[in-house]
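K.L.:
When you get a sec, could you give me coordinates for this:
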Amino acid sequence: MQPSVELMQCGALICLVEYGHGVFVTAHETLAETAALARIFDLRPGKYVDEDALKPWSTEEEEACTLWWCLFELEQLIHQDPFAKHLPFILPAPEPDDLLPPDVENADGSRPLPLRLPQSTPAHILVENRRRSAQSAVVLHRALLWEARYSYHDADGIMHRLIPTDAPSLDFTFMDIDMAIDPLLQSPPTLSTGALLDNTRTQEQNLLDDSTRALLAAMVNQTNNWELFCDCFSMCLSALYILHLPSLPSIESSLRYLGPLQLSQLLAPSPSQLHNIPRPTDPDQTTPSPLSVVPIPIPLPPTAHRALAALNFAARFVSDFAYEFNKGVKSDPRRLAETVVAPAIQTIGTSLEVFLRLGDVLPDAQDRFESIWEGACWFTTRWGSGGEFCPKSLQFLVCGGGGGVWRVWKYVELN
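P.N.:
Here you go, the predicted structure:
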C-alpha cells in the first residue's frame, strides 16, 4: 500500500486514542509506523521564505504541514510517561525556518495574516490556537531533551533524574513564593556530576524556564477564553514540571525542619490568577509573625528556591483551570467533548502529586487539590488514562506521603 495523507492521518488518530487510554508504549509503536510512512512520503512542514509570507496555502501544503506537527506533538505527549522516556525520538526537532501550521479559517473563509510564519516566531506575536499548540510542543520537546541529557536509565529502562546532593544553607524565612524571579540568577554547582556540567545544566534550565513562562504569559494576555489554549497551557505547564520536579525531594526534606505554625506562615495565601476561589481570612497584619522575629535558616539548595516557586505557580495555574472547567461542564455538559483535551492528562496527574507532596506548605492546597481532583474525575469519562493517575494518587495517600486526612476523605466522596 502506497503511503498517503489519509493513511497517515488514520495512524495519527489511532496513536491519539492509544495515548488517551494509557497504552503509551503501543502509541509509540503506532507513531513509529506512521512516521515511517511519513518518511517515505517525504512529509515535511515546509520552509519559510520572506517573499511567501502572504502566499495562500494550497490544500496539499496545509495537509502536510498540519499532519507533521500533529505527529510531532503526539511524540512529545507520549515521552512524558515514565515507561516511554527510554524510547527514542522518532521525528526530528523542527528547525527555526520550518513553517508553523496554518491557522484555521475565519467564518468568512479568510485566514489571519500573515499566512505563513516560521517556527522561530517570538511568543509575543499574536497567533491562534493551532500555531500556539505547535510552539508549546517545541517548548515541551526542549524540556524533554534537557531531562534526558541530565538523567540516567536503570536496568529496567526507567529514567531517573539527577538531583541536587549538596544542600548549602539558605534563609528561607523571607522568601516570597510569588516574587519576580531574576532570569540572570545563577546558582552555584549542587550536583555531584561536576561543576562545568552542573553550570551548563542550570543555565539551560533557566533559559527553558524563561521561554516557557514567556509563552504562557503571551497566551494569558491574548485571550480570556481559557478553552482556546487548553492544550497549549497543558504542554507548557508539563515543561515546567519536567524542569523543576527533580528538586522536589530536597524541598520535602528541607521542609521537615518546620513546625505546623511555621509551615502555615511560610507561604501566605495569594490571589488566584484566573478566578476568585473563596480564601481564608487574611491574618491580622498588625500581629508580628514569629518567623519575622526569629529567622530560621533552612538548608535548601539554591535550585530548590526557584523550583518551589515554579511548582507552586504551575500547580495553582492548573487548579485555576480546573475550577473554570468544572464550572463550565456543570453548566453545559456538552462542553465536555470540547475541553477534555489529551495533553492535559499528564499535567493533571503531576499537579495532584505536587499538591499531595507539598500540601502542607502550598497556599490553599485543600481547595485547589479538590478542584483538580474533580476535574480528573471528569477526564475519566472520556480518556481511559484518566484512571491511571487516580489509583496512583490514592496509593500515595495510603502510604502516608500526603499526610492529610482531608485528601483521603475527598477521594472517597468523589469516587
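K.L.:
helices and strands around the strand or helix carrying Lys330, which ones?
P.N.:
According to DSSP states H and E, Lys330 maps onto helix 302-331. Judged by 3 or more C-beta pairs under 8 Å, 6 or more residues apart in numbering; DSSP states H and E, the packing partners of helix 302-331 are helix 195-222, helix 230-244, helix 248-255, helix 336-339, helix 344-357, helix 365-379. Where C-beta positions appear, they are placed from N, C-alpha and C, glycine not excepted.
K.L.:
OK, contacts around Pro45?
P.N.:
Counting by C-beta atoms under 8 Å, 6 or more residues apart in numbering, Pro45 touches 64-65, 68-69, 94, 98-101, 119.
K.L.:
and it, how far is that from Gln119?
P.N.:
Going from Pro45 to Gln119 by C-beta to C-beta, to the nearest Å gives 8 Å.
K.L.:
and for those two, which residues touch both?
P.N.:
Shared contacts of Pro45 and Gln119 (C-beta under 8 Å, 6+ apart): 94, 98-100.
K.L.:
From the residues you listed, keep the buried residues only.
P.N.:
94, 98-100 (16 or more other C-beta atoms under 10 Å).
K.L.:
Which members of the contacts of Pro45 occur in helices, if any?
P.N.:
By the criterion of DSSP state H, membership of those in helices covers 64-65, 68-69.
K.L.:
on that earlier part again, nearest to Thr200, of the buried ones among the shared contacts of Pro45 and Gln119?
P.N.:
Within those, the smallest distance to Thr200 is 23.2 Å, found for Pro94 (C-beta to C-beta).
K.L.:
Quick check: that closest one touching Gln135?
P.N.:
No: Pro94 is not in contact with Gln135 according to C-beta atoms under 8 Å; the separation is 10.0 Å.
K.L.:
remind me which residues of the stretch 251-400 of the chain are low pLDDT?
P.N.:
Residue ranges of the stretch 251-400 of the chain with pLDDT under 70: 257-302, 337-338, 385-400.
K.L.:
If we use 80, what do you get?
P.N.:
Where the stretch 251-400 of the chain drops to pLDDT under 80, the residues are 253-305, 333-340, 359-363, 379-400.
K.L.:
Could you measure from Pro246 over to Leu126?
P.N.:
34 Å.
K.L.:
the helices in the stretch 1-150 of the chain, which residues?
P.N.:
5-20, 24-41, 59-78, 129-149 (DSSP state H, counting those that start in this stretch).
K.L.:
so can I have TSV of those showing mean pLDDT?
P.N.:
Shown next, in TSV, are the helices of the stretch 1-150 of the chain (pLDDT from 0 to 100):
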stretch	mean pLDDT
helix 5-20	94
helix 24-41	94
helix 59-78	94
helix 129-149	93
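K.L.:
Can you tell me which of those helices is nearest to Ala218?
P.N.:
helix 129-149 (8.3 Å).
K.L.:
what touches both of Pro94 and Gln135?
P.N.:
Gln119.
K.L.:
who's in contact with Ser319?
P.N.:
Per C-beta under 8 Å, 6+ apart, neighbours of Ser319: 351, 355, 367-369, 371-372.
K.L.:
And the furthest pair within the residues you listed?
P.N.:
Ser351 and Asp367 (13.5 Å).
K.L.:
Among these two, which residue is more densely surrounded?
P.N.:
With neighbours defined as other C-beta atoms under 10 Å, Ser351 and Asp367 compare such that Ser351 has more, 31 against 16.
K.L.:
quick one: the helix holding Lys330 to helix 344-357, angle?
P.N.:
Angle, helix 302-331 to helix 344-357, by axes from the mean of the first three to the mean of the last three C-alpha atoms, to 10 degrees: 120 degrees.
K.L.:
quick check, nearest of the ones in helices among the contacts of Pro45 to Ser234?
P.N.:
Once C-beta to C-beta is applied, the member of those that ends up nearest Ser234 is Trp69, at 16.1 Å.
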